[in-house]
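[1] A structural model of the following input is requested.
(one chain, ligands or ions: 3)
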Amino acid sequence: MRVHVADHPLITHKLTVLRDKDTPSPVFRSLVEELMTLLAYEGTRGVRVEAVTVQTPVSSAQGVRISDPKPLVVPILRAGLGMLEGMVKLLPTAEVGFLGMARNEETLQPTTYAERLPDDLSDRQCFVLDPMLATGGSLIAAINFLFDRGAVDVTAICILAAPEGLDAVEQALAGREVTIVLGAVDEKLDEQGYIVPGLGDAGDRLYGVV
Ligand SMILES: O=P(O)(O)OC[C@H]1O[C@H](OP(=O)(O)OP(=O)(O)O)[C@H](O)[C@@H]1O
Ligand SMILES: O=c1cc[nH]c(=O)[nH]1
Ligand SMILES: [Mg+2]
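    Ligands and ions are numbered 1, 2, ... in the order given. Got it, this is the predicted structure:
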């Protein structure tokens, strides 16, 4: 498994505003989308391409295009939905599948309450979007779900991770073709499983408390 932590002053700047508890929901939503676009640049470094030749007005030129089958982008509902637009802006031909997961607030175990994905993901490059990697339970379950459908190559893009969750993902998915791209790794998890200093509950800050 590969882990890449983006190190860029624009990402740190936007993340700082995102963390601020006084940042209102509309600004928070815009920032998540903008951060996603910046992280997508790093997260798609390994996107599969094939060689093509085009004619410029002057001569022929060698280039590449995104290979078929097109990548599958999978936001984890709810909070991952806030990252989707930022991703498909950069990868407009990608297809999108959905996984709805919620973490039980007492046990911290994730449950899957919705799924809309192709049955067969063999030979499909998958990009999972979720802003928060806390205990890692949700991301491990989501990636295993994709592997069970035949995926072999998964990149997860998260805005924030806790070191404990990152270790758990590394242990659970050792030896698999997985890349994790992160905006930052924070200090720790608190007793309620929240990332410290973090940004609170990303789903609630995007869409309100339910
Ligand atoms: O690493 P973990 O400990 O599993 O926690 C991370 C998960 O928690 C959040 O979702 P949540 O369950 O709050 O659902 P929501 O997006 O609907 O708010 C977050 O978006 C992740 O999916
Ligand atoms: O800090 C956290 C942990 C899990 N989920 C969130 O949205 N935030
Ligand atoms: Mg939530």
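[2] quick one: secondary structure of A114?
    For A114, the reduced secondary structure class is strand; criterion used: DSSP: H, G, I helix; E, B strand; the rest coil.
[3] tell me who's in contact with whichever residue of the chain sits closest to ligand 3.
    The minimum distance from the chain to ligand 3, using CB to the ion, falls at G203 (3.2 Å). Glycine gets a C-beta too; all of them are placed from N, C-alpha and C. For G203, the residues meeting the contact criterion (CB atoms under 8 Å, 6 or more residues apart in numbering) are 78-79, 210.
[4] please, where are all the strands along the protein?
    If you assign secondary structure with DSSP state E, the strands in the chain sit at 2-5, 49-55, 60-66, 72-77, 95-96, 98-103, 110-116, 125-129, 132-133, 153-161, 178-185, 188-189, 195-196.
[5] now those as a markdown table including mean neighbour count and mean pLDDT?
    As requested, the strands of the chain are arranged in a markdown table below (neighbours: other CB atoms under 10 Å; pLDDT from 0 to 100):
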| stretch | mean neighbour count | mean pLDDT |
| --- | --- | --- |
| strand 2-5 | 14 | 96 |
| strand 49-55 | 9 | 98 |
| strand 60-66 | 11 | 98 |
| strand 72-77 | 25 | 98 |
| strand 95-96 | 16 | 98 |
| strand 98-103 | 19 | 98 |
| strand 110-116 | 13 | 97 |
| strand 125-129 | 26 | 98 |
| strand 132-133 | 25 | 98 |
| strand 153-161 | 26 | 97 |
| strand 178-185 | 21 | 98 |
| strand 188-189 | 16 | 98 |
| strand 195-196 | 18 | 98 |
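[6] can you list those strands in a markdown table and add distance to ligand 3?
    Conversion of the strands of the chain to a markdown table gives the following (distance: least, CB to the ion, whole Å):
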| stretch | distance to ligand 3 |
| --- | --- |
| strand 2-5 | 23 |
| strand 49-55 | 35 |
| strand 60-66 | 32 |
| strand 72-77 | 10 |
| strand 95-96 | 20 |
| strand 98-103 | 7 |
| strand 110-116 | 11 |
| strand 125-129 | 14 |
| strand 132-133 | 8 |
| strand 153-161 | 13 |
| strand 178-185 | 17 |
| strand 188-189 | 15 |
| strand 195-196 | 12 |
